[in-house]
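Engineer: just coords:
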């Protein structure tokens, strides 16, 4: 199984408001940056969307290390998900995104790692910049 690192971040201008996500997929010496936006969303939704969209880019089952500054995403993946699934996501925020995460993560072996945001972590800073660019794009579309 290939070992892949998925660095990701989300951003929301207002919470809720226009938002964006960004990520970097790294396999050996190969890297792929990606990003996207939503016109009206929350920071947590964009954090999770960054993981989902990164996983969708993988073409085969992989061991994935998700690196995020979102404790919501990291704890959701590493700790909370089994209980949320048992109770069918009742009283869980963003159930549609968590269900999508479960679907796209199935073929992979995933471990999430938390890093402190805005702390000089090169890949996290780049993902943050991509997410903010995407959120600004969403904001401009709203104001057009």
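Structural biologist: Sure thing, it's come through. Since this is a predicted model, take the numbers as computed values, not measurements.
Engineer: secondary structure element for residue 132?
Structural biologist: helix 122-143 (DSSP states H and E).
Engineer: Just the buried residues of that helix, please?
Structural biologist: By 16 or more other CB atoms under 10 Å, the buried positions in helix 122-143 come out as 123-124, 126-128, 130-132, 134-135, 137-139. (Glycine included, C-beta is placed from N, CA and C.)
Engineer: Check what pLDDT residue 144 gets.
Structural biologist: Residue 144 carries a pLDDT score of 78 in this model.
Engineer: try residue 117
Structural biologist: At residue 117, pLDDT is 89.
Engineer: Now do the same contact list for the residue nearest to it when sequence neighbours are not counted.
Structural biologist: Distances taken as CB to CB, 6 or more residues apart in numbering put residue 69 closest to residue 117, at 3.3 Å, once the chain neighbours are dropped. Neighbouring residues of residue 69 by CB atoms under 8 Å, 6 or more residues apart in numbering: 9, 114-118, 121, 124, 128.
Engineer: Can you tell me which of the buried residues of helix 122-143 lies closest to residue 63?
Structural biologist: Of all these, residue 63 sits closest to residue 123, with 17.8 Å by CB to CB.
Engineer: Name the nearest residue to that closest one, ignoring sequence neighbours.
Structural biologist: Using CB to CB, 6+ apart and skipping the chain neighbours, the partner closest in space to residue 123 is residue 7 (3.9 Å).
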